[in-house]
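1. predicted model follows, preceded by the sequence.
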Amino acid sequence: IAINQEGFRDRSEPVSSPAPPILSLGDSFAFGWGVNLEETYSHLLEQRLNQARPIRIVKAGTPGTGTGDQLRLLRAIWDRFRPQMVVVGFFVGNDFTDVQMGGLEQFQVEDGLLIRRELRPASGPAALRQKLARSSHLLQFLRAVQLSWQRPSQATHAGLAARDPWLLEFAKVHLRQYPEETARGVARTLEYLDEFQDFCRERGADFVLLVIPRSYQVYSEELKELQTAFQWSDADLDLDRPQRTLQEWAGRRGASMLDLLPVFRQHRLEHPGRKLFHYPDAHFNAEGHRLAAEQLAAFLEQRGLPRLPASETLSR
């Protein structure tokens, strides 16, 4: 992964454009964890928009961040870029929980990597295995080869098998009855989104919320794994509750929101053998990024976004 002089995952010589850029924020999905830069949805969106006219997308997605962290980043870099539009990639799989748990405060840096703090301390052998996995390039390479050749039907989700407490926390946003701490995290997240929209509106920038689903919302076999691991019945779950909560927020605030869940489910029906997420990892694969970019481009174009600078509009 190459980081440019601005501190983001992008080319060393970004697209040159007379128009103010689009700022893409989010966590590891916006960053493009698990795929090449050229396969990320921000890069593909930039290519699509540049077929009409030059427009740059500042690819400021940062792994490990939550909505509050991303708001602070927006405030810190606003004067440097002064974007005409801010697109926030919101992953329902952990973004509510990231806010609940304090954003980047959940992590510590070990062996040059962001490591999520333990909710349940690892045993001696497990801690040693984790240390080796972090520090050995050979083990990381062999694991990547294994995942690339492994069919989903052959893979196992070690985190669910071990009933990982973080995976449990992430999944609580799909419960019909929220625990008190989950409800607080959701409420605070919506407050951050209020601040996002207000900040952009005050500066004349468009704000777009891109809502990214969890893979078990799309694939029933993964949902069964989740339910088995945490002994949840269908009656315990309201699977689409996170998206509905965000849709209600967008309607109340008059915000632009694109929910990817319906089109991802449609893709599953039309292409049952083709996945959109890595497995057992939860990030988009290249196909998932491609579909997200196509949907986001169509969504923006339908709304006449991004806008041309006034001078260019007059010349045309």
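-> Yes, it's here.
2. residue 189 - nearest residue in space that isn't next to it in sequence?
-> Nearest residue to residue 189 in three dimensions, chain neighbours excluded: residue 99, at 4.5 Å (CB to CB, 6 or more residues apart in numbering). Just so you know, the C-beta spots here come from the backbone N, C-alpha and C atoms, and that holds for glycine as well.
3. the closest residue in space to residue 161 that isn't next to it in sequence: what's it in contact with?
-> Taking CB to CB, 6+ apart, and ignoring the residues beside it in sequence, residue 161 has residue 229 as its nearest neighbour in space, at 7.2 Å. Counting by CB atoms under 8 Å, 6 or more residues apart in numbering, residue 229 touches 160-161, 163, 167.
4. residue 87: which element?
-> Using DSSP states H and E, residue 87 falls within strand 85-91.
5. any idea which helix or strand comes after that strand?
-> Under the assignment DSSP H and E, the closest C-terminal helix or strand after strand 85-91 is helix 95-100.
6. may I have that following helix as CSV, with CA atoms only?
-> Extracted C-alpha coordinates of helix 95-100, given in CSV (Å, rounded to 0.1, in the frame of the first residue of the first chain):
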residue,chain,number,x,y,z
ASP,A,95,-19.4,2.2,12.6
PHE,A,96,-22.1,2.5,15.3
THR,A,97,-19.9,0.4,17.6
ASP,A,98,-16.8,2.4,16.7
VAL,A,99,-18.6,5.5,18.1
GLN,A,100,-19.8,3.6,21.1
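7. hang on, isn't residue 277 packed against residue 288?
-> Yes: with contacts defined as CB atoms under 8 Å, residue 277 counts as touching residue 288 at a distance of 5.8 Å.
8. neighbour count winner among these two?
-> residue 288 (27 against 23; other CB atoms under 10 Å).
9. need phi/psi at the more buried one.
-> phi -60, psi -40 (degrees, to the nearest 10).
10. cool, residue 57 as well?
-> Dihedral angles for residue 57 - degrees, to the nearest 10 - are phi -110, psi 120.
11. re the thing from before, where's the residue nearest to residue 161 relative to residue 10, distance?
-> Taking CB to CB, to the nearest Å as the criterion, residue 229 is separated from residue 10 by 37 Å.
12. can you give me the strands in the stretch 101-250 of the chain?
-> Remark: strands assigned in the stretch 101-250 of the chain by DSSP state E, counting those that start in this stretch are 107-110, 113-116, 206-212.
13. list the helices and strands the last one packs on?
-> Counting contacts by 3 or more CB pairs under 8 Å, 6 or more residues apart in numbering; DSSP states H and E, strand 206-212 is packed against strand 85-91, helix 180-202, helix 241-253, strand 256-259, helix 286-302.
14. how about low-confidence regions in the protein?
-> 111, 118-123, 126-127, 130, 134, 147-156, 308-316 (pLDDT under 70).
15. residue closest to the middle of it?
-> By CA atoms, centre = their mean, the chain has its centre lying nearest to residue 29, at 3.5 Å.
16. these two touch, right, it and residue 92?
-> No: using CB under 8 Å, residue 29 makes no contact with residue 92, being 10.7 Å away.
17. give the residues shared as contacts by these two.
-> Overlap of the contact sets of residue 29 and residue 92 (by CB under 8 Å, 6+ apart) consists of residue 212.
18. can you point out the buried residues in stretch 241-255?
-> Within stretch 241-255, the residues that qualify as buried are 241-243, 245-247, 249-250, 253, 255, counting by 16 or more other CB atoms under 10 Å.
19. what's around residue 5, how many residues?
-> For residue 5, the tally of surrounding residues (other CB under 10 Å) stands at 9.
20. that should have said residue 52, apologies.
-> The criterion is other CB under 10 Å. On that basis, residue 52 has 10 neighbouring residues.
21. from residue 281, how far out is it?
-> With CB to CB as the criterion, residue 52 and residue 281 are 34 Å apart.
22. which one of the contacts of residue 229 is nearest to residue 42?
-> Distances from the contacts of residue 229 to residue 42 were compared by CB to CB; the smallest belongs to residue 167, at 26.8 Å.
23. for the closest residue to the closest one other than its chain neighbours, give me its contacts.
-> Nearest in space to residue 167, with sequence neighbours left out and distances taken as CB to CB, 6+ apart, is residue 159 at 5.0 Å. Residue 159 is in contact with 166-167, 280, counting by CB under 8 Å, 6+ apart.
24. want to throw these into TSV with neighbour count?
-> TSV is the format used below for these (neighbours: other CB atoms under 10 Å):
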residue	neighbour count
166	17
167	18
280	18
